[in-house]
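**Q** need a 3D model of the sequence below.
(chains A, B, C and D)
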Protein chains: 2
Amino acid sequence: METKAKLLLAEDDENLGIAKGFDTDLFGDGELAYTGFKKNEYNICVLDIMMPKKDGISLARDIRLINQNVPIIFLSAKNLKEDVLEGFRTGADDYITKPFSMEELIFRIEAILRRTTQEANSTGGEQNVFKLGRFTFDPRKQILTNEEKDEQVKLTTKESELLRLLCNNANKVLERNFALKTIWIDDNYFNARSMDVYITKLRKHLKEETSVEIINVHGKGYKLIV
Amino acid sequence: METKAKLLLAEDDENLGIAKGFDTDLFGDGELAYTGFKKNEYNICVLDIMMPKKDGISLARDIRLINQNVPIIFLSAKNLKEDVLEGFRTGADDYITKPFSMEELIFRIEAILRRTTQEANSTGGEQNVFKLGRFTFDPRKQILTNEEKDEQVKLTTKESELLRLLCNNANKVLERNFALKTIWIDDNYFNARSMDVYITKLRKHLKEETSVEIINVHGKGYKLIV
DNA sequence: AACCTGTGTTAAATTGTGTTAAGTAGCGAT
DNA sequence: ATCGCTACTTAACACAATTTAACACAGGTT
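**A** Numbers count the residues shown, from 1 in each chain, chains lettered A, B, ... in the order given. Okay, here's the model as predicted:
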């Protein structure tokens, strides 16, 4: 599917060792965990309530000051109603009481990630990076990288938008009118000629890779061959 | 805020009466619940495992045949490891064992809905602190911190306001006119040039973090890439 | 072949940005 | 009051991004 989710585990007594499907950073107390949180980007945090220096609840509050969005799961030995509610009030996504099986914890983490990574997809919507032979194209950063020469070219906004459309329709015809209405809003004569100019620019950028080509489909549009 | 979430509750022994914040439909057995599910659109389903006619697990499987996405919470009297795992395997989002408090159930429902209704996140209040790669930015204090070097830079008012706007629109285009009218009130030529100068200043401040970039969108504005 | 329309490419023209440095105004300290 | 500092604005210059123009050629039609 994708790269491993980055997991912050704040826990002191026993190593849960969630190695299986996650890229886990273990911190032995609340302060270490807080420092670690600030230095990295995590997809999810699993916090033990009982910890030295800073307990899980206060840690969660500090994390929430920085980031309202990252999922938080509490682990606790206590099953007291008020503790559980307090956990959720700080914005927790789950609260698991010991003892629990490792499999259950993993399922619960995955259940949450399923919801949060989907949002990342729906927001971003599309692919992050495209591979075009020896080139990789990052439409977010508008950068085209020649992996062999280790050269990077910054693309302009229009170049990048057009190449992104072509990549999304790789090996299919990208219709002129569609591209014009998407990128230029209006599909009049001058914008159409402008687009021709940008096709030329893209061809120049990609000319080193013979396996990649932007071909014209007469009267229809363009097709990116990979 | 928004409209009440539509909740399907499949439960037989006692009426949980989740009326508070939800638009709840109660069904007394699994078959009724299944019929009800097909007739309506629900935001979330809460299913008791032990039910007449069709148990919660089979009901969940049937629901998943129709809809892979709707969140499902199981309620169960049993806390057997295998039952819990079986619940998650059918794609559950949570599995709550009795006895539990009504408040906890509501918190757990809300925790899931928070993730599935995207609007809550994007519309939600402003952040106190932003993470920008190795930097954290506190718009209240107007301080930009390099967490690795442990260096702090005081930002000026304009620098801070502009960076805050960019952060609020991270990975989206921040339109020039919008920023000008927000920060400079008037969007005349000179203020526009002034803004350019501040973009340069911010870029200098952030130049150590290559994963963060302020790129120009010609004729539109700027985009903060994180 | 003669024609029309669509495309490829280059270059000029126009408008938008990036950056540095000089200018101005406000403010607290001396 | 004046000095020194800071935030901010204005000016100046260089250059980038996009559009428009110009000309050559390609593809399909009659």
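
**Q** which residues of chain A score low on pLDDT?
**A** A:1-2, A:14-17, A:19, A:118-127 (pLDDT under 70).

**Q** how's it carved up into domains?
**A** Split into domains by automatic domain parsing, chain A comes to A:5-124, A:130-225.

**Q** how long is the shortest one end to end?
**A** Criterion Cα to Cα, to the nearest Å; first-to-last residue distance in domain A:130-225 is 13 Å.

**Q** how far out from the middle of the chain is that domain?
**A** 23 Å (Cα atoms, centre = their mean, to the nearest Å).

**Q** repeat for the longest one
**A** Taking Cα atoms, centre = their mean, the mean C-alpha location of domain A:5-124 is offset from the chain mean by 19 Å.

**Q** looking at the domains of chain A, which is buried most?
**A** Highest mean neighbour count of these: domain A:5-124, a mean of 18 (counted as mean count of other Cβ atoms under 10 Å in any protein chain shown). C-betas here are computed from N, CA, C, even on glycine.

**Q** is that one positioned near chain B?
**A** Yes: shown here: domain A:5-124 in contact with chain B (Cβ under 8 Å from any Cβ of the partner chain) through A:38-39, A:41, A:65-69, A:71, A:81, A:84-85, A:88-89, A:92-94, A:101, A:103-104, A:107-108, A:110-112, A:115-116, A:119, A:122-123.

**Q** before we move on, the earlier item: out of the domains of chain A, flag the one nearest DNA strand C.
**A** Evaluated over the domains of chain A, closeness to DNA strand C peaks at domain A:130-225, with 3.5 Å, by Cβ to the nearest atom of the strand.

**Q** is DNA strand C contacted by that closest one?
**A** Yes: residues of domain A:130-225 contacting DNA strand C under Cβ under 7 Å from any atom of the strand: A:176, A:192-193, A:196-197, A:199-200, A:203-204, A:216-221.

**Q** now the helices for chain A?
**A** Using DSSP state H, the helices of chain A run over residues A:30-39, A:56-66, A:81-89, A:102-124, A:157-168, A:176-179, A:189-205.

**Q** is it possible to export these to CSV including distance to residue B:31?
**A** Formatted as CSV, those follow (distance: least, Cβ to Cβ, whole Å):
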stretch, distance to residue B:31
helix A:30-39, 47
helix A:56-66, 41
helix A:81-89, 33
helix A:102-124, 26
helix A:157-168, 44
helix A:176-179, 48
helix A:189-205, 58
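
**Q** from the residues of domain A:130-225 next to DNA strand C, which is closest to chain B?
**A** Chain B lies nearest to residue A:197 out of these, by Cβ to the nearest Cβ, at 14.3 Å.

**Q** now the closest one: how far from residue A:158?
**A** 9 Å (Cβ to Cβ, to the nearest Å).

**Q** residue A:191 now?
**A** 10 Å.

**Q** near DNA strand D too, which of the residues of domain A:130-225 next to DNA strand C?
**A** Among these, the ones lying near DNA strand D by Cβ under 7 Å from any atom of the strand are A:193, A:197, A:218.

**Q** what parts of chain A come near DNA strand D?
**A** Counting by Cβ under 7 Å from any atom of the strand, the residues of chain A close to DNA strand D are A:154, A:156-159, A:184, A:190-191, A:193-194, A:197-198, A:218.

**Q** coming back round to it: save the domains of chain A as CSV, and put in distance to residue B:226 too.
**A** Shown next, in CSV, are the domains of chain A (distance: least, Cβ to Cβ, whole Å):
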stretch, distance to residue B:226
domain A:5-124, 9
domain A:130-225, 9
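
**Q** need the contact list for the residue located most distally from the centre of chain A.
**A** No residue in chain A sits farther from the centre than residue A:189, which is 38.3 Å out by Cα atoms, centre = their mean. By Cβ atoms under 8 Å, 6 or more residues apart in numbering or on different chains, no residues touch residue A:189.

**Q** what of the one 10 residues further on?
**A** Taking Cβ under 8 Å, 6+ apart as the criterion, residue A:199 is in contact with A:162, A:214, A:222.

**Q** swap in 10 Å and give it another go.
**A** Residues near residue A:199 by Cβ atoms under 10 Å, 6 or more residues apart in numbering or on different chains: A:159, A:162, A:163, A:166, A:179, A:214, A:216, A:221, A:222.

**Q** go on, residue A:41?
**A** By Cβ under 10 Å, 6+ apart, the residues touching residue A:41 are A:6, A:8, A:67, A:70, B:131, B:133, B:211, B:226.

**Q** what about the last one, how many neighbours?
**A** It stands for residue B:226. A total of 16 residues lie near residue B:226 under the criterion other Cβ atoms under 10 Å in any protein chain shown.

**Q** hang on, it packs against residue B:137?
**A** No: counting by Cβ atoms under 10 Å, residue B:226 does not reach residue B:137; the two are 11.0 Å apart.

**Q** overlap of the contact sets of those two?
**A** Contacts common to residue B:226 and residue B:137, judged by Cβ under 10 Å, 6+ apart, are B:130, B:131, B:166, B:167.

**Q** quick one: residue A:115 and residue B:93 touch, right?
**A** Yes: if you go by Cβ under 10 Å, residue A:115 and residue B:93 touch, sitting 7.3 Å apart.

**Q** quick check: neighbours shared by the two?
**A** With Cβ under 10 Å, 6+ apart, residue A:115 and residue B:93 have common neighbours A:93, B:71, B:111, B:112, B:115, B:116.

**Q** pick the one among those closest to residue A:33.
**A** Residue A:33 has its nearest neighbour among those in residue A:93, at 16.9 Å by Cβ to Cβ.

**Q** contacting residues around that closest one?
**A** Counted by Cβ under 10 Å, 6+ apart, residue A:93 has contacts A:44-45, A:70-74, A:87, A:108-109, A:111-112, A:115-116, B:93-94, B:108, B:111-112, B:114-115.

**Q** run the last query once more with 6 Å
**A** By Cβ atoms under 6 Å, 6 or more residues apart in numbering or on different chains, the contact set of residue A:93 is A:71, A:72, A:112, B:111.

**Q** just the endpoints, please. Distance across stretch A:12-30?
**A** 9 Å.

**Q** now swap in stretch A:167-175 and tell me
**A** Terminal residues of stretch A:167-175 are spaced 13 Å apart (Cα to Cα).

**Q** excluding its own residues, what touches that stretch? List them.
**A** By Cβ under 6 Å, 6+ apart, the list of residues contacting stretch A:167-175 reads A:130, A:165, A:166, A:217, A:220, A:221, A:222, A:223, A:224, A:226.

**Q** the third one contacts residue A:224, correct?
**A** Looking back up the chat, that one is residue A:166. Yes: if you go by Cβ atoms under 6 Å, residue A:166 and residue A:224 touch, sitting 4.0 Å apart.
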